[in-house]
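Participant: Sequence unavailable; structure follows:
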C-alpha cells in the first residue's frame, strides 16, 4: 500500500466520520499502478559522524559534525530531501512523512508532506528551543518554555492544554503528544484509545519521554 493511501485511510478511520473515500485514494489503496509508479527511489548518504539522529516512519535524518543535515531512506513526499537553503541546524526530528529542524539561528524549518499543515510553521512562532514531528502534526517549545503545536488536530493532539504551563521537552506521536514540564512531571494529550495519554499516577518525575503510535516510554529521575 502506498504511503498516500495508508495515511489517508488511517485518517478516515480515525475520524470515524468519513463515509466514502475518493476514487483516487481508493485506487491507491488497492495498489494502483499509477500510484506505485510515483514512488521515489530511496536516498542514500555517505558514512559520516552524526552527533544527533532521528528516525521517522521510513526515513532517517541526522545532524553532521559540521551542523549540516543529511537524510536518507524513503523520499516519496520529499521528507528526505534537505532544503538547499536550510543552512546549519542544532536539532532534527523525523516524523511520518515530514521532517523539521531547529536551525542554528533558533528558527524552525520543515519539509516533506504538508497535507494537514504540519509543515506550516506559524508566522509568529519566533525562536524555538526544540521541535518534534509526529504523524501529521508538529510541536515546538518556544524560548519562553511554552509549547505550541500545528497541523492535524483530529483527537486534540495539537491542542496544547491551557493549564500545561512551561515545559522542557516535547514529543509528538501518531495522534497524541506528551511533554515533560519544568517541574519534571509528565503531561499527555490527544488520542487515548490505548491509554497513551493516561500518565501513570505513580510515574513521578522523569528525565526524558518518547511516544509511539499508541504507547509511551519514559526515563524516571
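Facilitator: Looks like it arrived, so ask away. Since the model is a prediction, treat every value here as computed from it, not as a measurement. Residues are numbered from 1 along each chain as shown.

Participant: ok, so what distance separates residue 59 from residue 82?
Facilitator: 11 Å (Cβ to Cβ, to the nearest Å). C-beta coordinates here come from the backbone N, C-alpha and C atoms, glycine included.

Participant: What sits closest to residue 119 if chain neighbours are left out?
Facilitator: Distances taken as Cβ to Cβ, 6 or more residues apart in numbering place residue 110 nearest to residue 119, at 4.2 Å, with adjacent residues excluded.

Participant: For the one you found, name its beta-bridge partners.
Facilitator: residue 100 (DSSP bridges).

Participant: what's the spacing between it and residue 206?
Facilitator: 27 Å.

Participant: so residue 208 makes contact with residue 168?
Facilitator: No. The criterion here is Cβ atoms under 8 Å, and residue 208 misses it with residue 168 at 9.8 Å.

Participant: shared neighbours of the two, which are they?
Facilitator: Taking Cβ atoms under 8 Å, 6 or more residues apart in numbering as the criterion, residue 208 and residue 168 both touch residue 180.

Participant: The two: who's more crowded?
Facilitator: residue 168 (16 against 13; other Cβ atoms under 10 Å).

Participant: quick one, what contacts the more buried one?
Facilitator: Taking Cβ under 8 Å, 6+ apart as the criterion, residue 168 is in contact with 141, 145, 180, 181, 182, 184.

Participant: do that again at 10 Å, thanks
Facilitator: Applying Cβ atoms under 10 Å, 6 or more residues apart in numbering, one finds that residue 168 lies in contact with 129, 130, 141, 145, 179, 180, 181, 182, 183, 184, 207, 208.

Participant: Out of those, who's the most crowded?
Facilitator: Busiest of these [other Cβ under 10 Å] is residue 179, holding 26 neighbours.

Participant: Which is the succeeding secondary structure element to the helix or strand hosting that residue?
Facilitator: Counting by DSSP states H and E, the element that carries residue 179 is strand 176-181. Later in the chain than strand 176-181, the nearest helix or strand by DSSP H and E is strand 186-190.
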